[in-house]
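S.K.: Give the three-dimensional model of this entry:
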Amino acid sequence: MNAKPIYVEIDIDSEMDKLWEATQTPSLHEQWDLRFSSITYLPSEENEPQKFSYQTKIMPGWSIEGWGATVGSHSGKDGARTSSLHFGTDDSISIIKEGKGYWQYKQKKDSITFLTQYTYNVNFGRIGHIFDCLLFRPLIGWATALSFDVLKRWLEKGETPATQYIRFFSSWMITFLFFFVWTYASFRSYSSNIQRNYQ
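M.R.: Numbering: from 1, shown residues only. Predicted structure coming up:
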């Protein structure tokens, strides 16, 4: 069962070296990418792929650890760059088993088109595929797009990723709270009307 790859792209008004550093330096990458809580480069031999480990915190006390390797990067004649990744996890509770993808940096006149495409194999057989297609893959695609937006604002406007995420999730929590209060008040009003009608 082959799932559709995840594809996200965005135009960022930035210098190529600055964007490359923000996406290829672990201490910077983990700040803006919602999919990773920490990224650590591991010792690697010269001319071999750069190996790394990563951690993703699902909730307090629950995290998933994985591995990865930068399997290739190059600069094109037009100034474009590509970074390819091989990643996965041996954690039995992870929906992701193993995957591959790439980042591409295309130089334009006044900006850089930063894009990614990746896909992965899933655990838990047919149930895992159904869960991935209906919920997890759309969710991680959304997280990738949100992360790219955060990176863009960081490089263009200087607004730190932490500040952006605090504002974003605070707004969602407030919206959810108002929705809950409105739903509860509407339900109470509806219940009261029904009771009066039967009295």
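
S.K.: Relative to residue 110, how far out is residue 99?
M.R.: Noted for residue 99: a distance of 33 Å to residue 110, by Cβ to Cβ, to the nearest Å. (C-beta placed from N, C-alpha, C; glycine too.)

S.K.: These two - which one has more neighbours?
M.R.: residue 99 (19 against 6; other Cβ atoms under 10 Å).

S.K.: Confirm that one sits in a strand?
M.R.: Yes - the assignment for residue 99 is a strand, going by DSSP: H, G, I helix; E, B strand; the rest coil.

S.K.: Show the pLDDT at it.
M.R.: Note on residue 99: pLDDT of 95.

S.K.: mind listing what the residue nearest to it when sequence neighbours are not counted touches?
M.R.: Distances taken as Cβ to Cβ, 6 or more residues apart in numbering put residue 120 closest to residue 99, at 2.7 Å, once the chain neighbours are dropped. By Cβ atoms under 8 Å, 6 or more residues apart in numbering, the contact set of residue 120 is 87-88, 96-100.

S.K.: Find the nearest non-adjacent residue to residue 155, please.
M.R.: Spatial nearest neighbour of residue 155, excluding adjacent residues (Cβ to Cβ, 6+ apart): residue 14 at 4.3 Å.

S.K.: try residue 115
M.R.: Spatial nearest neighbour of residue 115, chain neighbours left out: residue 9 (3.5 Å); criterion: Cβ to Cβ, 6+ apart.

S.K.: Tell me the first helix or strand C-terminal of whichever strand or helix holds the one you found.
M.R.: Element membership of residue 9, judged by DSSP states H and E, is strand 6-12. Elements were assigned by DSSP H and E; along the chain past strand 6-12, the next helix or strand is helix 16-24.

S.K.: Return the list of helices and strands in contact with the helix or strand just after that next one.
M.R.: Counting by DSSP H and E, the next helix or strand C-terminal to helix 16-24 is helix 26-32. Counting contacts by 3 or more Cβ pairs under 8 Å, 6 or more residues apart in numbering; DSSP states H and E, helix 26-32 is packed against helix 16-24, strand 38-41, helix 137-157, helix 161-197.

S.K.: For those, give me JSON lines that also has mean neighbour count, distance to residue 127 and mean pLDDT.
M.R.: Compiled in JSON lines, the helices and strands packed on helix 26-32 are given as follows (neighbours: other Cβ atoms under 10 Å; distance: least, Cβ to Cβ, whole Å; pLDDT from 0 to 100):
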{"stretch": "helix 16-24", "mean neighbour count": "16", "distance to residue 127": "34", "mean pLDDT": "95"}
{"stretch": "strand 38-41", "mean neighbour count": "14", "distance to residue 127": "29", "mean pLDDT": "94"}
{"stretch": "helix 137-157", "mean neighbour count": "17", "distance to residue 127": "14", "mean pLDDT": "97"}
{"stretch": "helix 161-197", "mean neighbour count": "11", "distance to residue 127": "29", "mean pLDDT": "75"}
